[in-house]
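Okay, sequence plus prediction incoming.
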Amino acid sequence: MGRHTGFSKLGTSDKLQKLVEEGLLDKETLHLLVSFQPQDPLVASLFEHLTENVVSTFPLPYSIAPGFLINGREYAVPMVTEESSVVAAASWSARFWAERGGFRTRVISETKIGQIHFIWLGNPDQIKSASPAIFSRMRSSSGPLTEGMENRGGGITGIELINLTHLIEGYYQIRVSFLTADSMGANFINSCLESMAADLGSALNEFINDGNNPEVIMSILSNHTPDCRVECTVECTIPELAGIRGVDDPADFARRFSLGVQIAKIDPYRAVTHNKGIYNGIDAVILATANDFRAVEAAGHAYASLGGHYSGLTRISTDNNIFRYTLEVPMAIGTVGGLTKSHPLAAASLKILGNPHAGELMQIAASAGLANNFAALKALTTTGIQAGHLPLHHRKQSQ
Ligand code: MEV
């Protein structure tokens with residue numbers, strides 16, 4: 001038996017004590033971990049049920065970027081980030097664009113995908129022609145699971161069979177499309193897929209019955225969500241770009257900024273940094289609302305590669321003397337379910353935002369992303385990042 005067998009069964013103090021006894025934790029670190037343990041028993045219990053072997057917490061700064069004007073409505077945006085300048089940059093950008101019409105955003109679509117991956121060695125033509133009957137049986141068998149979601153406006157919106165037998169012998173996918181109302185929907189999607197997968201063998205036997213049994217390899221949602229997407233645009237006339245520190249000539253600023261965007265489109269080295277700056281803003285909102293930032297980032301980076309190479313997620317136009325700057329990103333997030341309501345600070349963030357539905361939160365997070373990216377690129381193409389992007393208090397100290 002390993003030295004740490006049973007560790008997970010110990011209470012928090014015993015876990016820490018065991019680590020001290022084994023020489024893995026010194027007294028000073030022990031005190032530090034204890035000092036960061038949650039004081040509120042409700043929070044302590046919530047955290048212990050969230051994940052495993054919890055011995056302390058790891059706080060991050062919780063900030064507010066005020067003055068975001070999004071589709072004509074003003075928001076104070078909660079941002080959780082450890083990185084200096086991010087909140088200052090978002091706030092600066094929010095103020096700048098609020099004076100120029102604000103952020104115009106729209107949800108393009110909210111469809112999410114789940115996959116049942118399986119091996120089946122029968123005749124591909126037979127499974128293709130039987131698939132409508134198989135799918136309608138699967139839909140009715142998952143009815144009890146989807147009913148509640150359908151009442152909230154979601155549910156299964158499509159099922160298709162994908163034949164990938166040319167890549168792996170006998171490999172097919174059943175690709176299921178879902179709408180998950182205001183939840184991110186991971187649990188719902190995974191439960192539906194697993195119940196459908198459990199029925200796959202009998203469904204194939206009912207409609208094909210050639211003695212070939214499917215081998216389900218796995219059933220899981222996909223975090224690649226190109227059809228769960230939001231768009232965010234800022235726009236003004238080029239003369240209205242005047243007033244930015246370091247900008248004497250707005251037309252020249254627009255030209256240099258536009259080149260910065262084009263460079264991120266063509267060069268992956270620059271694109272990754274460009275997109276990282278976008279996620280400085282998006283992740284901070286995703287964290288403040290206890291959404292899954294790994295899923296949001298993974299989806300964004302996959303989307304950035306859809307054209308065949310990794311590319312910047314924004315696009316620009318400066319035609320007809322109009323500076324129009326747009327971000328388009330996938331984002332599968334929720335405002336119900338998961339931690340969004342049970343984590344007191346996530347619930348507080350949603351309250352500060354006026355309890356948005358999921359689509360509205362996508363638009364707020366995208367606005368924060370575009371705000372951060374605009375501020376970064378403005379600094380990069382004018383004064384340089386060191387002078388132009390320091391947090392306010394640093395700037396004061398170094399003056
Ligand atoms: C730093 O966190 C983000 C930037 O590097 C983004 C960018 O270069 O666009 C400033």
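Looks like it arrived, so ask away. Here the structure is a predicted model, which means the values were calculated and not measured.

Am I right that Tyr310 is in a strand?
No: counting by DSSP: H, G, I helix; E, B strand; the rest coil, one finds Tyr310 to be coil, located in no strand.

Quick check: it vs His4, distance?
40 Å (CB to CB, to the nearest Å). For every residue, glycine as well, the C-beta is placed using N, CA and C.

Which residue of these two possesses the greater neighbour count?
Tyr310 (17 against 14; other CB atoms under 10 Å).

which residues does the residue lying closest to the more buried one once chain neighbours are set aside contact?
Of all residues not flanking Tyr310 in the chain, Pro268 sits nearest, at 4.2 Å (CB to CB, 6 or more residues apart in numbering). Counting by CB atoms under 8 Å, 6 or more residues apart in numbering, Pro268 touches 309-311.

mind checking the backbone torsions on Pro268?
Dihedral pair for Pro268: phi -60, psi -30, per degrees, to the nearest 10.

how about the residue of the chain found nearest the ligand, secondary structure?
Ranked by CB to the nearest ligand atom, the top residue of the chain for proximity to the ligand is Gly277, at 2.7 Å. Following three-state DSSP, Gly277 is assigned to helix.

Could you pull up the contacting residues of the spatially closest residue to it that is not a sequence neighbour?
Closest residue to Gly277 apart from its sequence neighbours, by CB to CB, 6+ apart: Ala376 at 4.2 Å. Contacts for Ala376 (CB under 8 Å, 6+ apart) come out as 89, 277, 280, 385, 389.

host element of the third one?
Here Asn280, judged by DSSP states H and E, is contained in helix 268-288.

And that helix, how far out from the chain middle?
Centroid displacement of helix 268-288 relative to its chain, using CA atoms, centre = their mean, to the nearest Å, is 11 Å.

now swap in stretch 144-151 and tell me
How far stretch 144-151 lies from its chain's middle: 24 Å, per CA atoms, centre = their mean.

immediately after the helix or strand containing Ile189, which helix or strand?
Following DSSP H and E, one finds Ile189 within helix 186-207. Using DSSP H and E, the helix or strand that follows helix 186-207 towards the C-terminus is strand 215-221.

Would you mark the buried spots in that next one?
Under the neighbour-count criterion of 16 or more other CB atoms under 10 Å, strand 215-221 has 216, 219, 221 buried.

what do you get for stretch 62-74?
Buried residues in stretch 62-74, defined by neighbour count with 16+ other CB under 10 Å: 63-65, 67-70.

got it, and stretch 82-93?
Using 16+ other CB under 10 Å as the test for burial, stretch 82-93 gives 85-93.

Quick one: mean pLDDT for it?
Averaging pLDDT along stretch 82-93 gives 97.

Distance from it to the middle of the chain?
Distance of stretch 82-93 from the chain centroid (CA atoms, centre = their mean) equals 19 Å.

any idea which helix or strand comes after the helix holding Asn280?
Using DSSP H and E, the helix or strand that follows helix 268-288 towards the C-terminus is helix 293-304.
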